[in-house]
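J.: Provided below for reference: sequence and predicted model.
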Amino acid sequence: MPSTTNKLSNTHTMPSSQTPQPLLPWKTRLQIYFLTAATDAVRRSNGTVNRRLMNFLDRKTHPNKAPINAVSVQDVTVDATRNLWFRLFTPAAAAAGLPVVIFFHGGGFAFLSPDSFVYDAFCRRLCRRVPAVVVSVNYRHTPEHRWPSQYDDGEDVLKFLAENPGVLPENADVSKCFLAGDSAGANIAHHVAVRVGKSGLRGIRVVGLVSIQPWFGGEGGTAAEERLDAVPIVSVARTDWLWKAFLPAGSDRDHGDLSGLDYPETVVFVGGFDPLQDWQKRYYEWLKNCGKKAELIEYPTMIHAFYLFPELPESSEFISQVKDFITKRISHL
């Protein structure tokens with residue numbers, strides 16, 4: 001049976017008639033305010049994105065071949081014609097046989113990239129603390145490139161790594177690969193895992209999936225979406241806009257059956273102040289009902305994307321739990 005872990009922190013006590021709000025440091029609140037304001041400002045009512053403004057607002061970082069805080073970084077091009085590349089994070093002075101984490105960033109399929117400050121910093125922490133070689137994928141954005149472009153890009157990066165093992169450091173072990181992603185990136189990681197399970201992939205062995213507050217949906221709303229529509233970052237209006245930008249006309253958000261598919265063992269992280277939590281728990285139950293090994297870890301007082309804010313104690317605890325999952329899976333190989 002899977003274990004369910006609850007991580008507790010303080011919350012405001014609110015009247016039942018009001019939407020509860022998490023208690024967050026001012027630094028976190030300010031960052032969330034600017035992130036939310038930026039994505040709201042660039043979304044146009046006609047379903048397009050103001051890319052010039054988004055590029056101005058999205059703080060970028062540069063790679064560094066010489067280690068900084070024990071992590072070296074370089075960018076690797078997969079297909080320049082569609083701007084498909086990844087940022088490679090390597091821990092300095094690490095032992096041989098390092099696991100490889102192939103990470104897909106969040107942003108509703110439409111925003112951010114591996115060189116965005118928040119994701120560069122997150123992958124550096126993951127690389128250093130696991131330790132692991134981290135491959136952070138730059139996939140195409142919606143609405144310019146709709147479904148299934150993002151899944152195609154994710155699968156093609158795995159194929160590229162299988163065919164070009166020399167791009168990874170010598171101490172990387174591709175028989176210990178983990179797919180990972182947060183929010184929309186967790187959606188991509190899931191679908192890439194399904195594709196790899198169906199087609200098989202020589203040269204790389206995917207042994208686990210880290211699904212961080214995965215962004216799934218379906219027909220009709222949920223109790224959490226209604227109850228938490230006023231919390232930071234995620235709202236029904238924002239997610240509906242992003243789904244419409246992602247999916248082609250006439251399609252829906254539902255998935256099929258995984259029974260009989262070679263699907264990796266999965267850990268699903270859920271936040272109690274995340275409006276998407278009901279969909280995330282359904283995803284976990286769906287995996288179990290399909291006969292797949294899965295673990296659910298809940299942070300009852302955390303918002304969507306809490307792990308991106310290192311000043312939160314829960315963010316550090318989250319990294320430790322990802323490390324524990326990876327270590328445990330490797331020990332069972």
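T.: Structure received. Numbering: from 1, shown residues only.
J.: what does the top helix by length along the chain rub up against?
T.: As far as residue count goes, and with DSSP state H defining each element, the longest helix of the chain is helix 313-331. Residues outside helix 313-331 that contact it (C-beta atoms under 8 Å, 6 or more residues apart in numbering): 5, 7, 9, 99, 101, 125-126, 129-130, 132, 176, 178, 180, 207-208, 210, 265, 267, 269, 295, 297, 299, 301-302, 306-310. Glycine gets a C-beta too; all of them are placed from N, C-alpha and C.
J.: just the buried residues of these.
T.: For the contacts of helix 313-331, a neighbour count by 16 or more other C-beta atoms under 10 Å gives the buried set as 7, 9, 99, 101, 125-126, 130, 132, 176, 178, 180, 207-208, 210, 265, 267, 269, 295, 297, 299, 301-302, 306-309.
J.: from those, which land in helices?
T.: Using DSSP H, the subset of the buried ones among the contacts of helix 313-331 located in helices is 125-126.
J.: pretty sure Leu30 is in a helix, no?
T.: Yes: membership of Leu30 in a helix is supported by DSSP: H, G, I helix; E, B strand; the rest coil.
J.: any idea how far it is from Thr36?
T.: Using C-beta to C-beta, to the nearest Å, one gets 11 Å for the distance from Leu30 to Thr36.
J.: and these two? which has more neighbours close in?
T.: Here Leu30 and Thr36 are compared on neighbour count by other C-beta atoms under 10 Å; more neighbours surround Thr36, at 15 against 11.
J.: list the contacts for that one?
T.: Taking C-beta under 8 Å, 6+ apart as the criterion, Thr36 is in contact with 232-233.
J.: did I read that right, it in a helix?
T.: Yes: when three-state DSSP is applied, Thr36 is found to be in a helix.
J.: what sits against Gly208?
T.: In this structure, Gly208 makes contact with 178-179, 264-267, 325-326, 329, judged by C-beta under 8 Å, 6+ apart.
J.: at 7 Å what do you get?
T.: For Gly208, the residues meeting the contact criterion (C-beta atoms under 7 Å, 6 or more residues apart in numbering) are 178, 264-265, 325-326, 329.
J.: over to Ser136?
T.: Listed by C-beta under 7 Å, 6+ apart, the contact partners of Ser136 are 86-87, 89, 103, 105, 114, 119, 123.
J.: go on, Ala186?
T.: 211-215.
J.: redo that, cut-off 10 Å
T.: Contacts here follow C-beta atoms under 10 Å, 6 or more residues apart in numbering; on that basis Ala186 touches 104-106, 179-180, 209-216, 266, 268-269, 280, 283.
J.: for it, helix, strand, or coil?
T.: At Ala186 the chain is in helix, as set by three-state DSSP.
J.: residues contacting the residue nearest to it when sequence neighbours are not counted?
T.: Nearest residue to Ala186 in three dimensions, chain neighbours excluded: Pro214, at 3.5 Å (C-beta to C-beta, 6 or more residues apart in numbering). Contacts for Pro214 (C-beta under 10 Å, 6+ apart) come out as 106, 181-190, 266, 268-270, 276, 279-280, 283-284.
J.: which strand residues bridge the residue nearest to the spatial centre of the chain?
T.: By C-alpha atoms, centre = their mean, the mean C-alpha position of the chain lies nearest to Asp182, the distance being 1.7 Å. Note on Asp182: beta-bridge partners by DSSP bridges are Ile212.
J.: mind checking how far it is from Val135?
T.: Relative to Val135, Asp182 is positioned 15 Å away (criterion: C-beta to C-beta).
J.: now the helices: where do they sit in the stretch 101-250 of the chain?
T.: Taking DSSP state H, counting those that start in this stretch to define them, one finds helices in the stretch 101-250 of the chain at 117-129, 149-163, 184-199, 223-227, 236-246.
J.: save the ones you listed as CSV, and put in distance to Pro67 and mean pLDDT too.
T.: Converted to CSV, the helices of the stretch 101-250 of the chain look like this (distance: least, C-beta to C-beta, whole Å; pLDDT from 0 to 100):
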stretch, distance to Pro67, mean pLDDT
helix 117-129, 10, 97
helix 149-163, 22, 97
helix 184-199, 26, 95
helix 223-227, 42, 91
helix 236-246, 36, 90
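J.: low pLDDT regions in the stretch 201-333 of the chain?
T.: Along the stretch 201-333 of the chain, the model assigns pLDDT under 70 to residues 249-256.
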